[in-house]
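Enquirer: no letters, just coordinates:
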């Protein structure tokens, strides 16, 4: 087979494939597939536990001013708790937050602490933001100007040489 014809045949086959894929994509966009069937409840031999809500209670007075600034949940799990003095403590489950209680569990957006008044939760909270007020800018003085020197070379002082 002639090499030019082989290249032409390969290009024609490639173009046909690209056009076919494009047509299939457009057809799929206008004919969506049916959603997957919703799972139905099947009777189970053993009853599953029902989740019960436990009241989170009121934060004890000793914990007021503390803020859960962040959590990390994964291979290493810890919580970052901001103290009322503006510092922060990095705690793992089982460690004690001085004056507040022992950190029991850490989840993505909250921690459970066992304090002297019982268990309570701290939810992830954003830090208060203060809007800084900047002083009004005073205009800077203009740079000093100087008179042009007669020996300065610039296009403005250059003699017109077009007439020569």
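Expert: Now that the structure is in, tell me what you want to look at. Here the structure is a predicted model, which is why all the values come from computation and not from measurement.

Enquirer: and stretch 108-124, how far apart are its ends?
Expert: Using Cα to Cα, to the nearest Å, the end-to-end distance of stretch 108-124 comes to 9 Å.

Enquirer: mind listing what's buried in it?
Expert: 110, 111, 112, 113, 115, 120, 121, 122, 124 (16 or more other Cβ atoms under 10 Å). C-beta: built from backbone N, CA, C; applies to glycine.

Enquirer: let me know the secondary structure of the third one.
Expert: At residue 112 the chain is in strand, as set by DSSP: H, G, I helix; E, B strand; the rest coil.

Enquirer: thinking it is in contact with residue 102, fair?
Expert: No: look at residue 112 against residue 102 with Cβ atoms under 8 Å: they stay out of range, at 9.8 Å.

Enquirer: picking that back up, which of the buried residues of stretch 108-124 lies closest to residue 2?
Expert: Taking Cβ to Cβ as the measure, residue 2 lies nearest residue 124 of the buried residues of stretch 108-124, at 71.1 Å.

Enquirer: my read: that closest one touches residue 68, true?
Expert: Yes: using Cβ under 8 Å, residue 124 is in contact with residue 68, at 5.2 Å.

Enquirer: okay, and the common contacts of these two?
Expert: Taking Cβ atoms under 8 Å, 6 or more residues apart in numbering as the criterion, residue 124 and residue 68 both touch residue 110.

Enquirer: closest to residue 13 out of the buried residues of stretch 108-124?
Expert: residue 124 (57.2 Å).

Enquirer: list the contacts for that closest one?
Expert: 68, 69, 70, 71, 109, 110.
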